[in-house]
Each structure stands twice: as structure tokens, then as C-alpha cells.
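1. Quick one: sequence and predicted model below, then my questions.
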Amino acid sequence: MKAELVIPFIVAAAEVLRAEAGVSVRRGQLALSREAIRTDDVATLIGLVGDVEGLIVFSLPRETCLGLVSCMLGQPHDELDALARSGTAEFGNVVAGRGATKLSLAGYQVDITVPTMVIGRGTSVTPPQTERLVVPLQTELGSLEVHLALREA
């Protein structure tokens, strides 16, 4: 997997977390995986089509999700309700959109799909690519993982 395809999304995730939630972001150890993704409590799936194709999955524990949504709303939110799901989908959408814009600036034409939400720990997601990069991120709100299964079309 080419670094130039995944770096824009790693950078975008950190930028959006800082801007929308006001938190610092530390990246953990990157890993390559060929296994199916096992989601945490909440996952947002977004596809990429065009010169770069594949799948981006944002997987978060419930507590991180609610903390993120609370920061985005500017008020405490403690239910994993429609508003929390919408906010989490929008977070993924903004990160994917920003990453796609960065790819566009590098000469790639890409579009993102509408986010799909998966609620429930341990759901198995199998990306179309056989290999993906797993990017663990740690914030004051908790941890999340960004899974990037991308390739040039």
C-alpha cells in the first residue's frame, strides 16, 4: 500500500479531531492486516472511488464516540442515539472528505461514498482489498482506530 494514498487520511483525522473536538492526538504503532476488521462499539464505513478506491473504517468505543459527539455539540451527550450516530458519521465524512481533497491536490481524482454506520462490538467487516493499514489514535476522549484499505484503481 502506497504511503501517498494513506497519509492524507491520517493527517486529516488528526486535523479534524483537533479542530472539532479540541483534543491532542497521538498516533500509535501502525500495523498492516489481512484479517477482517472487528469493529468496536461504533464504526463508520466510507468508500472511495475514482483514481483511488477502497474503504475507510473509523472504529470507536462507545465512550470515545460520546465524548467526540459531546465536543462537537458543545454540550454533554450520553446516549448512543440518532444524534450521536449522525455526529459520528459526520466526523468520518469530514475526515474522508478532507483526505480526498488532499489526494486531489496530489493529482488523484476521488469521490467518497455516503457514510454507513455499524453499531455493535465485534461486527466483521471485510474490505475489498486484501491488505489494510490500521492506525490507532489516542486522544483525551479515548482511543479510536482508522482502518485504510486503499489502492490505485
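-> Nice, thanks for sending it over.

2. helices or strands next to the strand ranked longest in the chain in the packing?
-> For the chain, the strand with the greatest residue count under DSSP state E is strand 142-152. The contact analysis (3 or more C-beta pairs under 8 Å, 6 or more residues apart in numbering; DSSP states H and E) places strand 142-152 against helix 3-16, strand 52-60, helix 62-73, strand 132-139. Quick note: C-beta positions are derived from backbone N, CA and C, even for glycine.

3. Tabulate these (JSON lines), appending distance to residue 122 and mean pLDDT.
-> Below are those laid out as JSON lines (distance: least, C-beta to C-beta, whole Å; pLDDT from 0 to 100):
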{"stretch": "helix 3-16", "distance to residue 122": "23", "mean pLDDT": "96"}
{"stretch": "strand 52-60", "distance to residue 122": "11", "mean pLDDT": "96"}
{"stretch": "helix 62-73", "distance to residue 122": "13", "mean pLDDT": "94"}
{"stretch": "strand 132-139", "distance to residue 122": "16", "mean pLDDT": "97"}
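
4. Which among those is found nearest to residue 31?
-> Between residue 31 and the helices and strands packed on strand 142-152, the tightest spacing by C-beta to C-beta is seen for strand 132-139, at 4.5 Å.
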